[in-house]
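K.L.:
okay, sequence plus prediction incoming.
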Amino acid sequence: MPSSSSPDESAGRFTMEWISTNDFTLPAGTIQTTFKTRFLSFLKSGRASKSMDDTLKPESLESLPLEFLDHLAPTPDWKDEALSLDEKLLPWCESPGNNFVLILNVPCSGNATVLKYWAAEHGYRIIDPPNPRDLLKPDEKWFAQFENPDTIWVLPALEECWLRHESGLWLVRQFFRRLLSGQLGPGVLGCGSWAWAFFRHALGVSAPVSLTVRPFDAETLRSWFSALAFKKNHRKIHFLQADNGNLVLSCGVESSNSQNRKPSQKPDQKTEQSFFLKDLAAFSYGIPGVAMAYWRASLQLEPDTTEPENTGKNADPVRSTIWVKPWMNVERPGLPSAMKRHHAFILHNLLLHNTLDMDTLSKLLPAGHHLFDQCFYDLSDNGLISFSENQWQVTPKGYPVVRGFLKTEGFLSDDFR
Amino acid sequence: MTETEKVSNIFSQLNETTITQVFVIIAVAIGLIVFSQKFFRWLSERLSGRYKLYALASVPVLRMIIIILAVTMIIPRVVEPSFENLVAVMGAVGLALGFAFKDYISSLIAGVVTLYEIPYRVGDWIEVDGTYGEVRSINMRTLEIVTPDDTVVVIPHIKLWDRMFFNANDGSRNLQCVAGFYLHPGHDGNQVKNILMDVALTSPFLKLENPVKVVAKEEIQGTYYRIRAYPVYPGDQFEFITDLTLRGKSALLAAEVKFAYFPFQSNG
């Protein structure tokens, strides 16, 4: 696993590590924050959520402008991480007699995109999902993509190939029947972790080899955030916790005139390490997409230092400090005050299928879906789900809250506990 | 010593101070009972799953403990705590209650028995004498259930002695629901079983960790299929059965399976 002091980081590189799902362990947070978060969540339950940010936000700091934010913490496109799969998958692909290997896609992890890039990089066949409209009737045409069983196929997202509808299991049943009998030839199967949990319970399937990306703990997040910030910006930047000046992370190389730093900014002195990333890793379940969403929301700047053009190599070193909100002050989505079964059904269906358009989603909900209109508004208003490109999905910031809620309510969740 | 003097001696300590103490004890006990009821209700709203049920089930137990403590504190203050005095008072009280409040006392005792036998808890779905509903509260003498028609039924615990109580979930969140379909005998049984299995598996109400069964039986009306499955929320049992029934009917009609009409007639 890469560490904050590795040579890779200084060069702005970062490598994801893929592990067997049996070796998966969630990152732990600090005891103090875990207790505080649970206690506050317990007290807040049954009432409308209120952001803690409003009460604790330091007046003097501002959020970063989007352009500057994209510069320092760009949303990952996962293309650079594609080759990280080589170590585990290439030996598997080259050894004969294998049937399939499963890549579990945790929501917001970007695993499906990484897998897609990996397949494209090596020239393997990428299997496209069927149109959702075709999923409710038996149709074998989709299997034509698997012809020529001598070359490896890659299906990045099996969760897009079924619907939790009485007529929506036909294709996936056929798929597993052919896959397990070896008719499809060797392939790499990507599947959402929630959908896979459903298939395991409902269809009784299992995978001989299953991989997922190692959860990002504090050290991994430090390396990753540093590498991303280093991509477009090579000067030294210190990320300091806003309430106590503790060092969250630093990246880049020291500029010659860095002595001009303000007295309040003391990164050159022996600063204590912040626990922000440890708490972030634990809260986000080590999922990179979730951690990145919160990381972007926690970065702040002092006024008048927000000009994106000042982030170049010759920028004033005073502007080389980015402040990070204390973890307890970072705004987190809350559950709607009147949470009902209908909210849970929407959220569970979205996690089972990753994304769904309104028409399809309404077919998966119980009869009387006019009752659900208010629920969409509630969930969207609370930042738990979002609508983009005609698709509903659970937001990265909402995922930890949604997962915790569904699990507590007794819904089947993925196996990453 | 005359009989009157004997009786008055039993209550010899009954003066103004003692009476005040007794009232204070009763007031504190009532206050604690009310507080515990409100607190555990507040707590249960913030908990889910089995913890919610535990919180609700604690209310009658706690109330019993408070009452026992209060009585234990009151008796020595009112009665000279000698063996003869206690026997005399208990005997007189027992005789009076035995005649006047036999059923009432029997219900109270049955209420105590329920605290350790636990045949039902708050949140359980039970049926007594043909009345089915969710246990809303367990009081000292009675339990209250709310039927699906939102009617509160008060049942004395005394029924516990000689009636059968049917408990559908017995303190857990596992409550089996059954949706039935009468089909015309002329059909492919495996196809119907697969259709109904998929109907159950794809219901958003379904608790997936629990087993799903589709069973069939030939009856005089036709072939009777039943889906046996568990909802995530026991309280959703009627919506769950409705969902299974409506979607099952729709899927069977789409597969051109004929439904049975009583008597002995098919829709074909």
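P.N.:
Arrived safely, thanks for sending.
K.L.:
ok, which stretches of the stretch 1-150 of chain B are strands?
P.N.:
For the stretch 1-150 of chain B, strands defined by DSSP state E, counting those that start in this stretch occupy the ranges B:125-128, B:131-138, B:142-146.
K.L.:
got a markdown table for these, with distance to chain A, mean pLDDT and mean neighbour count too?
P.N.:
Where C-beta positions appear, they are placed from N, C-alpha and C, glycine not excepted. As requested, the strands of the stretch 1-150 of chain B are exported to a markdown table (distance: least, C-beta to the nearest C-beta, whole Å; pLDDT from 0 to 100; neighbours: other C-beta atoms under 10 Å in any protein chain shown):
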| stretch | distance to chain A | mean pLDDT | mean neighbour count |
| --- | --- | --- | --- |
| strand B:125-128 | 16 | 93 | 18 |
| strand B:131-138 | 16 | 90 | 18 |
| strand B:142-146 | 18 | 91 | 19 |
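K.L.:
hang on, residue A:197 in a strand?
P.N.:
No - remark: residue A:197 does not belong to a strand; assigned using DSSP: H, G, I helix; E, B strand; the rest coil, it is helix.
K.L.:
tally of neighbours for it?
P.N.:
Residue A:197 is flanked by 21 other residues according to other C-beta atoms under 10 Å in any protein chain shown.
K.L.:
now residue A:246
P.N.:
As a burial measure, the neighbour count of residue A:246 was computed by other C-beta under 10 Å and equals 16.
K.L.:
show me what from chain A comes close to chain B.
P.N.:
Within reach of chain B by C-beta under 8 Å from any C-beta of the partner chain, chain A has these residues: A:42-43, A:45-46, A:164-169, A:198, A:201-202, A:341, A:344-345, A:348-349, A:364-367, A:408-412.
K.L.:
switch the cut-off to 7 Å
P.N.:
Taking C-beta under 7 Å from any C-beta of the partner chain as the criterion, chain A approaches chain B at residues A:42, A:45-46, A:164-169, A:198, A:201-202, A:341, A:345, A:348-349, A:364-367, A:408-412.
K.L.:
now the buried members of those residues.
P.N.:
A:45, A:164-169, A:198, A:201-202, A:341, A:345, A:348-349, A:364-366, A:409-412 (16 or more other C-beta atoms under 10 Å in any protein chain shown).
K.L.:
would you map the strands across the stretch 201-350 of chain A?
P.N.:
Here the stretch 201-350 of chain A has its strands, by DSSP E, counting those that start in this stretch, at A:210-213, A:237-241, A:247-251, A:299-301, A:321-324.
K.L.:
where do the helices of the stretch 201-350 of chain A begin and end?
P.N.:
Residue ranges of the helices in the stretch 201-350 of chain A, as given by DSSP state H, counting those that start in this stretch, are A:218-232, A:276-283, A:288-298, A:341-353.
K.L.:
for the stretch 1-150 of chain B, same thing?
P.N.:
For the stretch 1-150 of chain B, applying DSSP H, counting those that start in this stretch gives helices covering B:3-10, B:16-46, B:50-78, B:83-100, B:102-117.
K.L.:
the longest one versus helix B:50-78: what angle between them?
P.N.:
Here helix B:16-46 runs at 180 degrees with respect to helix B:50-78, directions being taken by axes from the mean of the first three to the mean of the last three C-alpha atoms, to 10 degrees.
K.L.:
re the thing from before, so which of the strands of the stretch 1-150 of chain B gets nearest residue B:261?
P.N.:
The closest of the strands of the stretch 1-150 of chain B to residue B:261 is strand B:131-138. By C-beta to C-beta, the value is 28.3 Å.
K.L.:
OK, contacts around residue A:151?
P.N.:
Listed by C-beta atoms under 7 Å, 6 or more residues apart in numbering or on different chains, the contact set of residue A:151 reads residue A:125.
K.L.:
that one and chain B: what is the separation?
P.N.:
Distance of residue A:151 to chain B, computed by C-beta to the nearest C-beta, to the nearest Å: 33 Å.
K.L.:
could you do residue A:391 as well?
P.N.:
For residue A:391, the distance to chain B (C-beta to the nearest C-beta) stands at 19 Å.
K.L.:
that residue reaches residue A:359, doesn't it?
P.N.:
No - between residue A:391 and residue A:359 there is no contact under C-beta atoms under 7 Å: 11.0 Å.
K.L.:
so those two - more neighbours on which side?
P.N.:
For residue A:391 versus residue A:359, neighbours defined as other C-beta under 10 Å are more numerous around residue A:391 (16 against 10).
K.L.:
how is chain A carved up into domains?
P.N.:
A:7-77+A:216-329, A:100-207, A:341-409 (automatic domain parsing).
K.L.:
so what's the residue nearest to residue A:246 when sequence neighbours are not counted up against?
P.N.:
Counting by C-beta to C-beta, 6 or more residues apart in numbering or on different chains, residue A:274 is the residue found nearest to residue A:246 once chain neighbours are left out, at 3.8 Å. Taking C-beta under 7 Å, 6+ apart, we find residue A:274 in contact with A:241, A:246, A:247, A:248.
K.L.:
who wins for most neighbours among those residues?
P.N.:
Among those, residue A:248 has the most neighbours (other C-beta under 10 Å), with 27 neighbours.
K.L.:
ok, it to residue A:72 distance?
P.N.:
Residue A:248 sits 12 Å away from residue A:72 when distances are taken as C-beta to C-beta, to the nearest Å.
K.L.:
what does chain B put close to chain A?
P.N.:
B:45-46, B:48-49, B:173, B:198-199, B:201-202, B:204, B:207-209, B:232-233, B:236, B:239, B:243, B:246-247, B:251.
K.L.:
all good on my end, thank you.
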